[in-house]
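Undergrad: okay, structure incoming, though there's no sequence with it:
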Ligand code: AMP
Ligand code: ZN
Ligand code: FE
Ligand code: FE
């Protein structure tokens, strides 16, 4: 049995490899399965799934939804999502429209700051997929307004910085609802970004999410400390939640991070996928 990586981005959101490229790459790296989990979009899934079929590699259709959570950022993963589900498609379209309103406002703010950047340039940087702040950062680096991607975020794009514009988000309850409607197994992504003050605050939040359809926690994640991993594992056991993990690979070796292995520390067994499948089969009737 091989290893898996259950958190991967493609050009459909802000990754740099196309769905086919990432699937081939994962296979070449010797993995047994990956989940494609683009931000707020399923546009890469059809291509990723069909490439997987073509080359004989298991691809799990997934998504990563940003939910409203003022203390920090809450990302909800959905595994085995039904890409044809009408409510899901309607909700995602709503998010796309919200982005299309937001992005030109960020261009405007940058222009007001004296930065010559056009919406077209950002569209080009996105490679045709959904547009987000990483694409703005790319253009700012290319046009030498900043020296690095991180500087672009720190000076202009991060929350509270001068070119930042708020993006519409569904509440956790709303997001969990449509993830479940689309027969996906809902998992709390990288809980270390929630901005929770201690174990019991996280525990209370988890209880609320479980009531609304959460079924797992992403315990293994490159930015989690050993202590956090132990805490998240503990909470998963306490509440009978699934344990998942992934690298959040975006197609570039950022600080030595790579698909499947993270910074060398990750070994996620295929049994994680089997547990997800068992949960899916228990809660959702599927023809798949
Ligand atoms: P958006 O969807 O446009 O809000 O962009 C969100 C993406 O921007 C995230 O998935 C990260 O990849 C990236 N990002 C957000 N905040 C930061 C930050 N402070 N530093 C670097 N990258 C960030
Ligand atoms: Zn991303
Ligand atoms: Fe995330
Ligand atoms: Fe991610």
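TA: Noted; the coordinates are in hand. Given the structure is predicted, the values throughout are model-derived calculations rather than measurements. Numbering: from 1, shown residues only. Ligands and ions are numbered 1, 2, ... in the order given.
Undergrad: for ligand 3, what are the nearby residues on the stretch 151-288 of the chain?
TA: residue 189 (C-beta under 5 Å from the ion). Where you see a C-beta, it was placed from the backbone N, CA and C, and this is true even at glycine.
Undergrad: give me the residue from the stretch 151-288 of the chain nearest ligand 3.
TA: The stretch 151-288 of the chain approaches ligand 3 most closely through residue 189 (5.0 Å), counting by C-beta to the ion.
Undergrad: how many residues are close by that residue?
TA: Residue neighbour count, defined by other C-beta atoms under 10 Å, stands at 27 for residue 189.
Undergrad: next: the one 3 residues further on.
TA: The criterion is other C-beta under 10 Å. On that basis, residue 192 has 18 neighbouring residues.
Undergrad: I'd guess it is in a helix, am I close?
TA: Yes - looking at residue 192 with DSSP: H, G, I helix; E, B strand; the rest coil, it is inside a helix.
Undergrad: roughly how far does it sit from residue 225?
TA: For residue 192, the distance to residue 225 (C-beta to C-beta, to the nearest Å) stands at 8 Å.
Undergrad: next: residue 24.
TA: Applying C-beta to C-beta to residue 24 and residue 225 gives a distance of 33 Å.
Undergrad: more crowded one of the two?
TA: Of the pair residue 24 and residue 225, residue 24 is the one with more neighbours under other C-beta under 10 Å, namely 17 against 9.
Undergrad: quickly find the element holding the residue most central in space within the chain.
TA: Of all residues in the chain, the one closest to the mean position by C-alpha atoms, centre = their mean is residue 64, 3.8 Å from it. When secondary structure is defined using DSSP states H and E, the element that contains residue 64 is strand 58-67.
Undergrad: show me what that strand is packed up against.
TA: In terms of contact count using 3 or more C-beta pairs under 8 Å, 6 or more residues apart in numbering; DSSP states H and E, strand 58-67 is assigned the packing partners strand 4-8, strand 33-36, helix 45-55, strand 74-79, helix 172-181, helix 271-283.
Undergrad: and of the ones you listed, who's closest to residue 246?
TA: Across the helices and strands packed on strand 58-67, the minimum distance to residue 246, taken as C-beta to C-beta, is reached by strand 4-8, at 2.5 Å.
Undergrad: so the closest one, near ligand 4 or not?
TA: No - Strand 4-8 is not in contact with ligand 4 by C-beta under 5 Å from the ion; minimum separation 5.7 Å.
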